[in-house]
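>>> I'd like to go over a predicted model; first the sequence, then the structure.
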Amino acid sequence: MTPPNDRLLILDFGSQVTQLIARRAREAGVYAAILPYHCGDEAVRAFRPGGIILSGGPTSVVAEGSPRAPDAVWTLGVPVLGICYGQQTMCAQLGGAVESGHAREFGRAELAVTESCALCANVWPVGSHPTVWMSHGDRVTRAPDGFKVIATSSGAPFAFIADEKRQFYGVQFHPEVVHTPDGAALLAAFAHDVCGLSPSWTMGTFRTTEVERLRTFIGPTAKVLCGLSGGVDSAVAAALIHEAIGDRLTCVLVDTGLLREGEADAISDLFGKHYAIPLRVVRAGETFLAALKGVTDPERKRKIIGHLFIDVFEAEAKTIPGATFLAQGTLYPDVIESVAVHGGPASTIKSHHNVGGLPARMNLKLVEPLRELFKDEVRDLGRELGLPDSFVNRHPFPGPGLAIRVLGEVTEERVAILRRADTVYLDEIRQAGLYDSIWQAFAVLLPVRTVGVMGDERSYDNVLALRAVTSVDGMTADTYPFPHDFLARVATRLVGEVRGINRVVYDITSKPPGTIEWE
Ligand code: XMP
């Protein structure tokens, strides 16, 4: 367990990127927990933080009743860093001034560093002009007594301020986002140089503390169900929970018949045999295909698959007596609202989350051990838990599976064509050593037939589209720039080996304006 005082407290004022601050702290080897800004003085003191960070937020500090930090933040005697809204409320609460209606700054801005302080001494020399990311309408117009200006930008005369005596720092920009190139270094400097915290936190620490937390949370006798989707997230969640409670975890793998080639068997080998986790595999391909008969609309496909998945899962779960928890591999980016700063529901999960309505229907409590983590952190945790690299590095795969990649009606024959084509395409990508440089690569079977010539014969067959993108989180994406000869080689193999395809095209649309999937 990380001893108290050796960790950071982040007070969340509702910014969409608050979790990124915690992530940067973890990258710097320091554990950080997030509490809502209104958690109160007692919660702040009880946490015994080694430093406090106040996040950004959507509200205006000058608006009546807008959020304020608990008084304990200023009296505990630990360093405080206010970011954007956090800086503004720091100024408003300590006797400075904030005004709205000035030139708004959104996007990249250039700072002019005019003074040094402990926070930036090792990051930005005086006289430097670092690039930072701004997103604000209000700005500080007078710093509280004791503060000096460290840097300015054209729109923010108090872009970076410091009271070195009290160790209070305020920045108008967002150091937590990647668009502030030195932001991670600045947050690491806050943790190490200003707060004096040692970089001792690792994924191994997360594993140990999370296993302990899960044991307490689940209790000594309760049973847990976990739906394995074939993806990395549910697998890592299952491995972690299994470490915590052993065979009181039962996994259910619904083989929808819409998975990739060999996928259901690979999961069943890894979990059932290698990890010896109790695993039920439900082969439900025919049921799914029957339900999708005649359906061409993408959203209807998703709904049908989602509902059926829940039905099949629920039917299986009912044969496993005594389960009171349902485990999900929900990641932070799946949690749309970070924290309900105004006391609303804690979070909303993306509608395409596979078992969305299940917990309420089955009266199960949720266990979500990955909900503070980002995808690449989950992969690190998977490696830490001993999952094979080939599994951990797998590209994301959507819940509705191949059904949203067979455009138009989903039939057994068309799924089989796509499944084979997908295998050939990914095989070539792996052979070329490109798999790990790509976020997601897959084939799409189009409802279009074209004329071709094979041998001496005219063919009239399906078109296959190939997609490969790079991305950080799936929210935006760029086309992967395959060398031309690679694409030509794949096309030759596909048309030669996969019966039913006589033409191959490559999708070169970025996201936005395109989406990653075609449906
Ligand atoms: P789009 O197509 O929206 O995809 O750019 C972004 C990411 O989400 C995945 N995706 C889904 N995942 N159920 C899922 O579990 C779905 O219905 C779904 N639709 C898209 C997609 O594969 C990509 O990684």
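Received the coordinates, thanks.

>>> so which helix or strand of the chain has the lowest pLDDT on average?
Least confident helix or strand, the chain: helix 358-362 with a mean of 70, by mean pLDDT, DSSP states H and E.

>>> spell out which parts of the stretch 101-250 of the chain neighbour the ligand.
Applying the criterion CB under 6 Å from any ligand atom, no portion of the stretch 101-250 of the chain neighbours the ligand. Glycine gets a C-beta too; all of them are placed from N, C-alpha and C.

>>> try it again at 8 Å.
Residues of the stretch 101-250 of the chain found near the ligand (CB under 8 Å from any ligand atom) are 229, 231.

>>> got it, and the chain?
Counting by CB under 8 Å from any ligand atom, the chain sits next to the ligand at 229, 231, 302, 350, 352-354, 395-400, 404, 439-440, 442, 471, 474-475, 477, 511, 514-518.

>>> per the record, what domains does this structure have?
Split into domains by automatic domain parsing, the chain comes to 7-194, 203-392, 405-506.

>>> quick one, what contacts the nearest residue to V392 once chain neighbours are set aside?
Nearest residue to V392 in three dimensions, chain neighbours excluded: G382, at 4.0 Å (CB to CB, 6 or more residues apart in numbering). By CB atoms under 8 Å, 6 or more residues apart in numbering, the contact list for G382 reads 232, 235-236, 239, 391-392.

>>> what about the closest residue to A22 other than its chain neighbours, neighbour count?
Distances taken as CB to CB, 6+ apart put A32 closest to A22, at 4.4 Å, once the chain neighbours are dropped. Counted by other CB atoms under 10 Å, the residues lying close to A32 total 25.

>>> and what of the one 4 residues further on?
P36: 20 surrounding residues under other CB under 10 Å.

>>> and if you look at G65?
G65: 6 neighbours (other CB under 10 Å).

>>> measure it to the ligand for me?
Noted for G65: a distance of 37 Å to the ligand, by CB to the nearest ligand atom, to the nearest Å.

>>> SS state for that residue?
Of the three states, G65 takes coil according to DSSP: H, G, I helix; E, B strand; the rest coil.

>>> who are the neighbours in contact with it?
Applying CB under 8 Å, 6+ apart to G65 gives no contacts.

>>> mind giving me the packing neighbours of the very next helix or strand once past the least confident helix or strand of the chain?
Remark: after helix 358-362, the chain's next helix or strand is strand 365-367, criterion DSSP states H and E. Where contact means 3 or more CB pairs under 8 Å, 6 or more residues apart in numbering; DSSP states H and E, strand 365-367 is packed against helix 203-218, strand 323-327.

>>> return the distance of strand 365-367 from the chain's centre.
How far strand 365-367 lies from its chain's middle: 19 Å, per CA atoms, centre = their mean, to the nearest Å.

>>> which of the residues in the helix or strand that comes right after that strand are buried?
Next along the chain after strand 365-367, taking DSSP H and E as the criterion, comes helix 375-384. Neighbour-count burial for helix 375-384 flags 375, 377-384 (criterion: 16 or more other CB atoms under 10 Å).

>>> what's the angle from helix 375-384 to helix 203-218?
Counting by axes from the mean of the first three to the mean of the last three CA atoms, to 10 degrees, helix 375-384 lies at 90 degrees to helix 203-218.

>>> convert the C-alpha atoms of helix 375-384 to CSV, please.
Provided in CSV are the C-alpha atoms of helix 375-384 (Å, rounded to 0.1, in the frame of the first residue of the first chain):
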residue,chain,number,x,y,z
LYS,A,375,-6.2,1.4,-22.8
ASP,A,376,-2.4,1.4,-22.8
GLU,A,377,-2.4,1.2,-19.0
VAL,A,378,-4.7,-1.8,-19.2
ARG,A,379,-2.3,-3.4,-21.6
ASP,A,380,0.6,-2.8,-19.1
LEU,A,381,-1.6,-4.3,-16.4
GLY,A,382,-2.3,-7.3,-18.6
ARG,A,383,1.5,-7.8,-19.0
GLU,A,384,2.0,-7.4,-15.3
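
>>> what's the next secondary structure element after that helix?
helix 389-392.

>>> Produce a PyMOL select command limited to the buried residues of the residues of the chain next to the ligand.
Command for PyMOL that selects the buried part of those, burial taken from 16+ other CB under 10 Å:
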select buried, resi 229+231+302+353+354+395+397+398+399+400+404+439+440+442+471+477+511+516+518
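
>>> go through the residues of the chain next to the ligand and flag which are in helices.
Those of these mapping onto helices are R302, per DSSP state H.

>>> and the strands in the stretch 201-350 of the chain?
For the stretch 201-350 of the chain, the strands defined by DSSP state E, counting those that start in this stretch cover 223-228, 249-255, 279-283, 323-327.

>>> how far off helix 203-218 does the first one point, in degrees?
Yep, that's strand 223-228 we're talking about. Using the same axes, to 10 degrees, strand 223-228 lies at 130 degrees relative to helix 203-218.

>>> note down every partner strand of strand 223-228 and its orientation.
strand 249-255 (parallel), strand 323-327 (parallel) (DSSP bridges).

>>> what does the host helix or strand of A188 contact?
Here A188 sits within helix 183-189, counting by DSSP H and E. Residues from elsewhere that reach helix 183-189, judged by CB under 8 Å, 6+ apart: 21, 24-25, 27-28, 53, 118-123, 132-133, 171, 173-177, 180.

>>> now that helix: how far from the chain's centre is it?
21 Å.

>>> what do you get for stretch 58-77?
Its chain's C-alpha centre and that of stretch 58-77 lie 28 Å apart, by CA atoms, centre = their mean.

>>> also stretch 234-249?
20 Å.

>>> which of the residues in that stretch are buried?
For stretch 234-249, by 16+ other CB under 10 Å, it's 234-245, 248-249.

>>> where does pLDDT dip in this protein?
Residue ranges of the chain with pLDDT under 70: 1-4, 102-103, 333-359.

>>> ok, the residue nearest to A22 touching I53?
Yes - here A32 reaches I53: they are 7.5 Å apart, a contact under CB atoms under 8 Å.

>>> quick one: common contacting residues for those two?
With CB under 8 Å, 6+ apart, A32 and I53 have common neighbours 8-10, 21.

>>> tell me the one among these nearest to the ligand.
Using CB to the nearest ligand atom, I21 comes nearest to the ligand of those, at 24.2 Å.

>>> contact partners for that closest one?
Taking CB under 8 Å, 6+ apart, we find I21 in contact with 10, 32, 34, 53, 55, 83, 176, 187.

>>> since we're on the fourth one, how many residues are nearby?
With neighbours defined by other CB under 10 Å, the count for I53 comes to 30.

>>> helix/strand/coil for it?
Going by three-state DSSP: I53 is strand.

>>> what is the nearest of the buried residues of helix 375-384 to the ligand?
K375 (9.7 Å).

>>> the closest one touches Q440, doesn't it?
No - checked against CB under 8 Å, the pair K375 and Q440 is beyond contact range at 11.3 Å.

>>> overlap in contacts of the two?
Common neighbours of K375 and Q440 (CB under 8 Å, 6+ apart) are P396.

>>> stretch 45-52: end-to-end distance?
In stretch 45-52, first residue to last residue: 11 Å (CA to CA, to the nearest Å).

>>> quick one, strands of the stretch 401-519 of the chain?
Using DSSP E, counting those that start in this stretch, the strands of the stretch 401-519 of the chain run over 440-454, 457-470, 478-479, 501-506.
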